[in-house]
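Student: take a look and give me a structure for this.
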Amino acid sequence: MGIVNKIVNVVVVILAIACVVLGTILFKKREQLRFRGDKMAKTIKNVSAIMDKESETDFSKKIDITEQKPELDEKKDPKAAADNKAKSLHLANYENLENVLKPFEKQTGDLMRQRDQLADALNTVSESLKIPDTYGATVFKSIKTYDEKKKALLDSVAKVNTRDEAIVEQIVSSSKALGFTVDPTVLKDLENFRPALNEFGGKVDAFKKRMDSYSSHITKVCGIMEITPPSMTSENYAGELSSVEGKFKDKKAEHENTKKELAATKDELNETKDKLKNELAAKAELEKQKAEMAERVENMKQIIAGEGFPTDRKITNEDLLRKLTGKVVEVNDKWNFVIVQFDHEGQVKVHKPPFGKEFVPTEIPVGRTLMVSRKNQPVAEIKITRVLDSCSVADIVPAKKWSDIQPGDVVKFPEAN
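Tutor: Next up is the predicted model:
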């Protein structure tokens, strides 16, 4: 019996020692857990305060940290107990910890939603600005890629701003070059830039239409002057315009020379007319008597032969023209015309029996065609363009020129069909 008691006593002592050791260990663990709980509570409090900063929230004020055990007994102090149960992170309030942390959980959820919205907004900005780099909202949510992608996006936005500034400057510069002004501050106004931009576009369109009209008229004028028109779309259009200007000057000089030559030709023609008139007057005077005798004889011959104008009707101008003859006195090959002098200064002799005579003037019609012949052989046809007192001017018909016309060639009106 004594041995059993001794064994029991030893076991009890060992168990007591074990309990003391386990109790000590458990106490230390309890202190460690409490220490960790306090650190976690402080961390939660600090994180909440950080999230409250400039967020216009006060979740950190809804969390309370105390080293001493808060009053949780509603019987002793109902108001303090209710307040501590709602706010305290003390270990003693462990049962209510979930409710205490609900505001913190809500604050965290709000920040996450805010993060997602900002990420979506940044991605929408990149897509709206048509930035070539592909981002996506996910890269702005990731902590690993946020800084890099944010910097890349801001750099791209800066480039877009630089591009827009350059466009505005170019529009302002172009408007000055076109002769009007555009206010750069209006173009940069995000709300009211459209009217100014539309006005600029309208003036540019009007300027283009004006330039197209200039180009069209320049082309027509060049076509009339037989000059190759300039290309208004060429990069060297200024050089082409200078070339056309030089060709116009050459044409003007050529025109002036032609005017001088024409004036000289006119003077020569007037001189020739005067000489011809004097020569004809002298010749007429010398041959006057001979002509009168020859006419008398010819009149008798025609009377005897039954020739001459019919006496049973009125003599018309066409009758006179068929009897009218003349000669070419001068040929101008350069300007394609001739000078014609009709016999008897354009008069036709009408005979009156038995020995009478009468000179009847004819009306030389402008535009009528005459036949030019030499030795009874046709040479060409000419068309009267001007009738003068002592001579007439006629153009050579190119399509009916069979040989070169020479001074002395005979001209007469063809028989009417």
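
Student: so what touches stretch 105-116?
Tutor: S48, M51, D52, S55, T57, F59, A137, K141 (Cβ atoms under 8 Å, 6 or more residues apart in numbering). C-beta coordinates here come from the backbone N, C-alpha and C atoms, glycine included.

Student: could you say which helix or strand holds K130?
Tutor: Element membership for K130, per DSSP states H and E: none, as it lies in no helix or strand.

Student: for L280, that is, sorry about that
Tutor: Residue-wise, L280 maps onto helix 237-305 under DSSP H and E.

Student: got the buried residues for stretch 191-198?
Tutor: Using 16 or more other Cβ atoms under 10 Å as the test for burial, stretch 191-198 gives A196.

Student: residues in contact with that stretch?
Tutor: I171, V182, D183, V186, L187.

Student: show me the residues you listed that map onto helices.
Tutor: Mapping these onto helices (DSSP state H) picks out I171, V186, L187.

Student: and L190, which of the three is it?
Tutor: With DSSP: H, G, I helix; E, B strand; the rest coil as the basis, L190 sits in coil.

Student: sorry, that was for G326
Tutor: G326 - assigned by three-state DSSP - is strand.

Student: excluding its backbone neighbours, what's nearest it?
Tutor: F342 (3.7 Å; Cβ to Cβ, 6 or more residues apart in numbering).

Student: so where's the stretch 51-200 of the chain shaky on pLDDT?
Tutor: The stretch 51-200 of the chain contains residues with pLDDT under 70 at 67, 89, 91, 133-135, 137, 140.

Student: please repeat the previous calculation with a cut-off of 50.
Tutor: The model of the stretch 51-200 of the chain has no residue with pLDDT under 50.

Student: do a quick rundown of the strands in it.
Tutor: Assigned strands in the stretch 51-200 of the chain: none (criterion: DSSP state E, counting those that start in this stretch).

Student: elements contacting the helix holding L280?
Tutor: Applying 3 or more Cβ pairs under 8 Å, 6 or more residues apart in numbering; DSSP states H and E, we find helix 237-305 packed against strand 325-332, strand 337-342, strand 347-352, strand 356-361.

Student: most tightly surrounded among the ones you listed?
Tutor: strand 337-342 (a mean of 22; mean count of other Cβ atoms under 10 Å).

Student: what is the orientation angle of that one with strand 325-332?
Tutor: With axes from the mean of the first three to the mean of the last three Cα atoms, to 10 degrees as the basis, strand 337-342 and strand 325-332 are set at 150 degrees to each other.

Student: once you drop chain neighbours, what's closest to L241?
Tutor: In space, L241 is closest to P230, 5.3 Å off (Cβ to Cβ, 6+ apart).

Student: so the one you found touches G246, yeah?
Tutor: No. Counting by Cβ atoms under 8 Å, P230 sits too far from G246 to count as a contact (11.5 Å).

Student: neighbour count for the two, which is higher?
Tutor: Neighbours per residue (other Cβ atoms under 10 Å) separate P230 from G246, with P230 holding more: 21 against 11.

Student: from E245, how far off is the more buried one?
Tutor: 10 Å (Cβ to Cβ, to the nearest Å).

Student: also K149?
Tutor: 60 Å.

Student: can you check E165 too?
Tutor: Taking Cβ to Cβ, one finds E165 at 40 Å from E245.

Student: coming back round to it: could I have the buried ones of the contacts of stretch 105-116 as PyMOL selection syntax?
Tutor: In PyMOL, this line selects whichever of the contacts of stretch 105-116 come out buried by 16+ other Cβ under 10 Å:
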select buried, resi 48+51+57+59+137+141
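
Student: ok so, going back, and the ones in helices among the contacts of stretch 191-198, which are buried?
Tutor: I171, L187.

Student: closest to V11 out of the ones in helices among the contacts of stretch 191-198?
Tutor: L187 (98.4 Å; Cβ to Cβ).

Student: so who does the residue nearest to the closest one when sequence neighbours are not counted touch?
Tutor: Nearest residue to L187 in three dimensions, chain neighbours excluded: V168, at 4.8 Å (Cβ to Cβ, 6+ apart). By Cβ under 8 Å, 6+ apart, the residues touching V168 are P184, L187, K188.

Student: tell me what angle the helix holding L280 forms with strand 325-332.
Tutor: Using the same axes, to 10 degrees: helix 237-305 against strand 325-332 is 160 degrees.

Student: for I14, give its distance to N5.
Tutor: 15 Å.

Student: I figured L280 hits C391, correct?
Tutor: No. Contact criterion Cβ under 8 Å: L280 and C391 do not qualify, at 9.2 Å.

Student: overlap in contacts, the two.
Tutor: Q341.

Student: these two: which has the busier surroundings?
Tutor: Taking neighbours as other Cβ under 10 Å, L280 and C391 compare with C391 leading, 23 against 15.

Student: surely that one meets F337?
Tutor: No. Using Cβ under 8 Å, C391 makes no contact with F337, being 11.9 Å away.

Student: which residues do these two both contact?
Tutor: If you check C391 and F337 against Cβ under 8 Å, 6+ apart, no residue is contacted by both.

Student: quick revisit: please determine how far the residue nearest to L187 is located from A206.
Tutor: From V168 over to A206 (counting by Cβ to Cβ), the distance is 21 Å.

Student: likewise for I218?
Tutor: I218 is 19 Å from A206, by Cβ to Cβ.

Student: and for D389?
Tutor: For D389, the distance to A206 - Cβ to Cβ - is 60 Å.
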